[in-house]
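Participant: what shape does this take:
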Amino acid sequence: MSVTSEQAITRSVCVYCASSRSAHADYRQAAFRLGEVLATLGIAVIYGGGAVGSMGALADGALSRGGRVVGILPRFMADLEWGHPRLTELKLVEDMRSRKHLMLTGAQAAIALPGGSGTMEELLEAVTLKRLGLYLGPIVLVNTRGYFEPLLALLEHAVAERFMDERHRAMWQVVAQPEEVPAALESAPAWSEAFRSFAAT
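Facilitator: As a prediction, this is how the structure comes out:
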């Protein structure tokens with residue numbers, strides 16, 4: 001990838017989010033609002049293609065404002081009819097690895113909403129790729145209901161125990177509300193391949 005933070009909000013963003021129907025309604029509301037915010041700014045959404053939970057809410061929010069929404073869905077999920085029926089574009093891929101790769105490489109920034117193991121895997125892969133200088137765009141966590149506090153504490157612990165460099169803290173930004181995401185994307189510190197020099201602390 002050759003994405004810089006200055007390009008972050010010009011075209012499209014990848015959004016990691018959950019399909020749970022059981023999580024608190026605040027999470028779905030925040031996802032819907034994020035979709036609205038991004039669409040209003042003309043920013044395309046690339047996400048996992050699901051129709052329910054925060055996934056469905058995100059897509060519905062963007063579509064309600066005329067936004068472009070691209071879903072990346074593994075074929076087995078399509079066979080189970082998990083895909084959102086009204087997306088601008090739905091791309092079918094063979095497996096979860098292909099899904100993650102296509103979501104991130106097609107975007108200029110990554111946004112993480114609260115979610116479970118799949119969301120965490122996607123988010124931490126983006127952080128890892130940025131640490132290695134293979135992904136250079138912003139990473140923004142939307143901390144609805146303080147959901148990411150334990151993860152942020154763990155990352156701080158990783159820095160304190162010298163598994164990560166102090167400069168790695170600049171790889172992600174944290175916001176409380178979806179409305180804060182555009183400013184976070186614009187103000188994200190620049191990141192370059194040169195930062196590979198301290199990838200291994």
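Participant: burial of residue 90, as a residue count?
Facilitator: The criterion is other C-beta atoms under 10 Å. On that basis, residue 90 has 16 neighbouring residues. No exception for glycine: its C-beta is placed from N, CA and C like everyone else's.
Participant: hmm, I typed the wrong one, I wanted residue 135.
Facilitator: 24.
Participant: how near is the residue of the chain positioned farthest from its centre to residue 17?
Facilitator: When distances to the mean C-alpha position of the chain are computed (C-alpha atoms, centre = their mean), the maximum falls on residue 161, with 26.7 Å. In this structure, residue 161 lies at 30 Å from residue 17, with C-beta to C-beta, to the nearest Å as the measure.
Participant: over to residue 86?
Facilitator: 17 Å.
Participant: the two: which has the busier surroundings?
Facilitator: Using other C-beta under 10 Å, the more surrounded residue of residue 86 and residue 17 is residue 17, with 30 against 12.
Participant: isn't the more buried one right up against residue 58?
Facilitator: Yes: with contact defined as C-beta atoms under 8 Å, residue 17 counts as touching residue 58 (5.6 Å).
Participant: next helix or strand past the helix or strand hosting residue 37?
Facilitator: Secondary structure from DSSP states H and E places residue 37 in helix 25-40. Counting by DSSP H and E, the next helix or strand C-terminal to helix 25-40 is strand 44-47.
Participant: could I get the average pLDDT for that next one?
Facilitator: When pLDDT is averaged along strand 44-47, the result is 98.
Participant: what's that strand in contact with?
Facilitator: Judged by C-beta atoms under 8 Å, 6 or more residues apart in numbering, the contacts made with strand 44-47 from elsewhere in the structure are 11-17, 35, 38-39, 55, 58-59, 62, 67-72, 88, 103, 106-107.
Participant: let's see that with 7 Å instead.
Facilitator: Under the contact criterion C-beta atoms under 7 Å, 6 or more residues apart in numbering, strand 44-47 has outside partners 11-15, 17, 35, 38, 55, 58-59, 62, 67-72, 103, 106-107.
Participant: distance of residue 37 relative to residue 45?
Facilitator: Taken as C-beta to C-beta, the spacing of residue 37 relative to residue 45 amounts to 10 Å.
Participant: list the buried ones in stretch 126-141?
Facilitator: 126-127, 129-131, 133, 135-141 (16 or more other C-beta atoms under 10 Å).
Participant: my bad, stretch 52-60
Facilitator: For stretch 52-60, the buried set under the neighbour-count rule, 16+ other C-beta under 10 Å, comprises 53-60.
Participant: same check, this time on stretch 162-179
Facilitator: Residues 164-165, 168, 171-175, 178 are the ones in stretch 162-179 that count as buried (16+ other C-beta under 10 Å).
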